[in-house]
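>>> have a look; sequence and predicted model below, questions after that.
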Amino acid sequence: MHDCEGPLVLEISRQADSLKMSIAGQAETNPTLKYYSQCEFSAPEIDGLTREITFLLNKIRKVDSAAEPLARPLAKTGRLLWDNLLSRLISERLKSAASANLILLLDEELVSIPWELLHDGDNFLCLKFNLSRLVRTKKEPQSLRYRSSPAVARMLILANPTNDLKSAYLEGVNIRNQFERRRRSLQIDFKSTYIDKLFVKKNFSDYDIVHFAGHCEYDPDNQKDAGWVLSGSRFTALDILALGASGAMPGLVFSHACHSAADSGSLLDADYQQRYYSLAAAFLFAGVRHYLGSIRWIEDSSGLSFAKEFYTQLMAGKSVGESVRLGRLKLVRDYGLDCLHWANYLLYGDPNFIFFGPPEKARKQKARQGFAIGRKIAAGLGLALAAAAVWLYLYYRLPSLNPGAYRLFAQCKKFFREGNNQGALQACGALVKKDPMFLEAYPLLAGACERQGAREQALKYYFDYALQSEKKQDHRCLSAAYIQIGWLYFNQGDFQNAEDFYNRTIALSRQGRDRLNQAIALRKLAVLQIERENYDAALQLLTKSSAINRERQSDPRHRYNLACDYFDIGLLFADKDDLPAAKEFYGRSLKIFQGLKLKSELSDYYFNLGEIYKFEKQYQKALEYYARGMQADQASGNLPSLAADFDMLGELYAEIGNFPRARECFEQAAAIAKKINCLPELASATYNLGNLYGGHHEAGQAKIYLQEALELYKKLDPRRYQEIKQELEGE
């Protein structure tokens, strides 16, 4: 957590019937001479304009309801507030300001004015600036202990403690699901339904960020009794202040709450700003650096949309203030300026403060044929196996083969290279039927099955490969078989069996001085360690395998595997948030793959690089790289990979708001996965379809797809099953 360059500070205080104000950059706030300007202040007139603002905000409806044209009357009232609250000097300075960050430093008696909605004739203040408030108070604050910056931030989500706000529960679940993959920079804990005061008091100070989605109540006769409504009690301002006296508080509290437990759609009172501030002040006095809250809750998707955009930008390294403004602009883009949902939020604290320095990099890269959301890993499917088998054949087997078998095997290779998997299966099947000891045919058979999604049959062929290799006492082929058996187990989520077969390979290859298969097994073990996030161990293994292959790169087999080493080192650096290093090693692998004329392997490179561009919001570049990768997979007939291709492409279109193209891609991914019985890919595409329909208010369709995904994950991934089950139960 750190601050970037200083914002503008607009300081305003009230003196009887006038306002005294100054504006300066943060570096200019303590000059030898400070110039103030003044303007008249008519409390009745300002109160009347504030009531007009409240009247307009009370007309906000759900986003799926017909919106009244509210932006124009709000702008007109906001312009009158601008003219009545700001001196000519301040007005001109704000209109011409180059800085994007603005702090309003206000007297407590001025907090009831909707400053965020002042309008300069062109734009609202909160849409033009990364805007927040600081309050000058007469109360003596307790000694504050601000939280230090941790290596891994902790976030607590408290959702729907009273069990009567469906959208609050879904908001919490969605935020957790979206950001839980960023576990190297953020650890998320989620609590819902039964949340009592004791739980909050015991755990609140343990977190850097607290997100509350639920009810909030305000007592006009006793402001210190205002607070969050929990299960059977309230977490009040007095409780908050007591916690601040005993320890460091979270750096950010996002109170996404409605201000009535009786009615989540209740109207705002004229003094809503003052009510809001009473709770915000408690958090700020207790030592919370930033308090972000909603002035009103409406049961629709707009709140979730704002929250997701806010956290996305915050975790991408944006400042708190910019993240809030971008969240507002997201609502304007999605629902229109007239909807006014963007006006629901107020921020207290320094808008220039940055919680997350280096942005978290893309976690989902090309989906493996496995359980976890994965990434495309070099030598993941059949072509790599075929290439290794062909080179093995060329170097060690040709002299012993009869011409007829060689011609049939050459036909198998041709079919496989062209993507004719059925032809490869028929030709190789005929070959092994004629000569079961023709070992080189088995990897092609298995690879063709993998491409068609027949993984059980592929595993059978690899075990046949191992059995025939043992009979022939060919330890090199036996090692190759063990590697591919381990790889299939890895892709099924069976890490223990995968590790066992890789270790068998290393032991066997060392006995036979088989440096090629030893290097491949080391790299496969490294990929397993990357999945476990044991990055140091993975890098050590990749260093060993690349050293073996680099010394022998005059041999095309070792050169090919050196490219795979570089590719997986790039993957490791991408996971460690080092994008320049990741791109460098991806580039090294690309040069070798191109030199070896292995076009199919380029799919891995294109998709992973495209995913990096997607994270960087360079969507056109991402689409270009995805298209190249898809062409490679289509050329090779690699159906499991194509299912993953369409799923990733659908996610990109969903992110940029192209609903028809996203739906089309997810449907194509599901159709391919269903055709070849690839359950992990089918589960992912089905779940994405459910989320897509849910985001476009088609609840019936969303529920159908999410229920289907639930049944699939029940077989595949118990943890994911429980998450989706909770989502469905919360509806």
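Noted; the coordinates are in hand. Keep in mind that this is a model prediction, so the values were computed, not measured.
>>> so where's the stretch 351-500 of the chain uncertain?
In the predicted model of the stretch 351-500 of the chain, residues 357-405, 417-419, 451-453, 493 satisfy pLDDT under 70.
>>> what residues are up against Leu459?
446, 485, 488 (Cβ atoms under 8 Å, 6 or more residues apart in numbering). In this view, the C-beta of every residue, glycine as well, is placed from N, C-alpha and C.
>>> got it, and Ala280?
Counting by Cβ under 8 Å, 6+ apart, Ala280 has contacts 255, 291, 293, 346, 348.
>>> what's the helix or strand for it?
helix 272-286 (DSSP states H and E).
>>> also Ile157?
Going by DSSP H and E, Ile157 is part of strand 153-159.
>>> ok now that strand, how far from the chain's centre?
16 Å (Cα atoms, centre = their mean, to the nearest Å).
>>> for stretch 544-559, C-alpha coordinates in PDB please.
Provided in PDB are the C-alpha atoms of stretch 544-559 (Å, rounded to 0.1, in the frame of the first residue of the first chain):
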ATOM      1  CA  LYS A 544      18.000 -28.800 -14.600                       C
ATOM      2  CA  SER A 545      15.900 -29.900 -17.600                       C
ATOM      3  CA  SER A 546      16.900 -26.900 -19.700                       C
ATOM      4  CA  ALA A 547      20.600 -27.500 -18.900                       C
ATOM      5  CA  ILE A 548      20.300 -31.100 -20.200                       C
ATOM      6  CA  ASN A 549      18.500 -30.000 -23.400                       C
ATOM      7  CA  ARG A 550      20.700 -27.000 -24.000                       C
ATOM      8  CA  GLU A 551      23.900 -29.100 -24.000                       C
ATOM      9  CA  ARG A 552      22.300 -31.500 -26.600                       C
ATOM     10  CA  GLN A 553      20.300 -29.100 -28.700                       C
ATOM     11  CA  SER A 554      22.000 -30.200 -31.900                       C
ATOM     12  CA  ASP A 555      19.700 -33.200 -31.500                       C
ATOM     13  CA  PRO A 556      16.200 -32.100 -32.700                       C
ATOM     14  CA  ARG A 557      14.500 -34.000 -29.900                       C
ATOM     15  CA  HIS A 558      16.400 -32.100 -27.200                       C
ATOM     16  CA  ARG A 559      15.900 -28.800 -29.100                       C
END
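>>> that older thread, save the contacts of Ala280 as CSV, and put in pLDDT too.
Below are the contacts of Ala280 laid out as CSV (pLDDT from 0 to 100):
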residue, pLDDT
Ser255, 92
Tyr291, 95
Gly293, 90
Leu346, 93
Tyr348, 93
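>>> so which of those residues sit within strands?
Residues of the contacts of Ala280 located in strands (DSSP state E): 255, 291, 293, 346, 348.
>>> check which helices and strands the host helix or strand of Gly700 sits against.
Using DSSP H and E, Gly700 maps to helix 699-716. Counting contacts by 3 or more Cβ pairs under 8 Å, 6 or more residues apart in numbering; DSSP states H and E, helix 699-716 is packed against helix 679-695, helix 718-729.
>>> contacting residues around Gly214?
158-162, 165, 168, 228-230, 257.
>>> about what we covered before: comparing the helices and strands packed on helix 699-716, which comes out most buried?
Highest mean neighbour count among those (mean count of other Cβ atoms under 10 Å): helix 679-695, with a mean of 24.
>>> which helices and strands does that helix pack with?
By 3+ Cβ pairs under 8 Å, 6+ apart, helix 679-695 packs against helix 639-655, helix 659-675, helix 699-716.
>>> what ranges does the stretch 1-150 of the chain have for its strands?
Secondary structure of the stretch 1-150 of the chain (DSSP state E, counting those that start in this stretch): strands at 2-3, 8-15, 18-25, 37-40, 101-107, 130-136.
>>> who wins for proximity to Gln511 among the ones you listed?
Closest approach to Gln511 among the strands of the stretch 1-150 of the chain (Cβ to Cβ): strand 2-3, 54.5 Å.
>>> show me what the mean pLDDT comes to for that closest one.
Averaged over strand 2-3, pLDDT sits at 49.
>>> wait, Lys20 sits on Ile12?
Yes. Lys20 is within contact range of Ile12, at 7.4 Å (criterion: Cβ atoms under 8 Å).
>>> adding mean neighbour count, write the strands of the stretch 1-150 of the chain out as TSV.
TSV is the format used below for the strands of the stretch 1-150 of the chain (neighbours: other Cβ atoms under 10 Å):
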stretch	mean neighbour count
strand 2-3	11
strand 8-15	19
strand 18-25	18
strand 37-40	14
strand 101-107	22
strand 130-136	20
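>>> quick one on the thing from earlier: give me the angle between the helix holding Gly700 and helix 659-675.
Orientation check (axes from the mean of the first three to the mean of the last three Cα atoms, to 10 degrees): helix 699-716 against helix 659-675 gives 40 degrees.
>>> contact partners for Leu562?
Going by Cβ under 8 Å, 6+ apart, the list of residues near Leu562 reads 546, 549-550, 553, 592.
>>> Phe124: which of the residues you listed is nearest?
Closest to Phe124, out of all of the contacts of Leu562 and judged by Cβ to Cβ, is Ile592, at 54.5 Å.
>>> which SSE is the residue lying closest to the closest one once chain neighbours are set aside in?
Sequence neighbours aside, Ala563 is the residue nearest to Ile592 in space, at 3.6 Å (criterion: Cβ to Cβ, 6 or more residues apart in numbering). Per DSSP H and E: Ala563 is located in helix 556-575.
>>> packing partners for the helix or strand following that helix?
Reading on from helix 556-575 to the C-terminus, the next helix or strand found by DSSP H and E is helix 579-595. Counting by 3+ Cβ pairs under 8 Å, 6+ apart, the packing neighbours recorded for helix 579-595 are helix 556-575, helix 602-615.
>>> got the contact list for helix 579-595?
Under Cβ under 8 Å, 6+ apart, the answer for helix 579-595 is 361, 378, 559-560, 562-564, 566-567, 569-571, 573-574, 601-602, 605, 608-609, 612.
>>> extract the CA atoms of the helix holding Ala280 and return them as PDB.
Extracted in PDB, the C-alpha atoms of helix 272-286 (Å, rounded to 0.1, in the frame of the first residue of the first chain):
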ATOM      1  CA  TYR A 272     -29.300  11.000   4.100                       C
ATOM      2  CA  GLN A 273     -25.800  12.500   3.800                       C
ATOM      3  CA  GLN A 274     -25.600  13.200   7.500                       C
ATOM      4  CA  ARG A 275     -26.900   9.700   8.300                       C
ATOM      5  CA  TYR A 276     -24.300   8.200   6.000                       C
ATOM      6  CA  TYR A 277     -21.500  10.300   7.600                       C
ATOM      7  CA  SER A 278     -22.400   9.200  11.200                       C
ATOM      8  CA  LEU A 279     -21.300   5.600  10.400                       C
ATOM      9  CA  ALA A 280     -18.400   6.600   8.100                       C
ATOM     10  CA  ALA A 281     -17.100   8.900  10.900                       C
ATOM     11  CA  ALA A 282     -17.000   6.000  13.400                       C
ATOM     12  CA  PHE A 283     -14.800   4.000  11.000                       C
ATOM     13  CA  LEU A 284     -12.500   6.900  10.200                       C
ATOM     14  CA  PHE A 285     -12.100   7.900  13.900                       C
ATOM     15  CA  ALA A 286     -11.300   4.300  14.700                       C
END
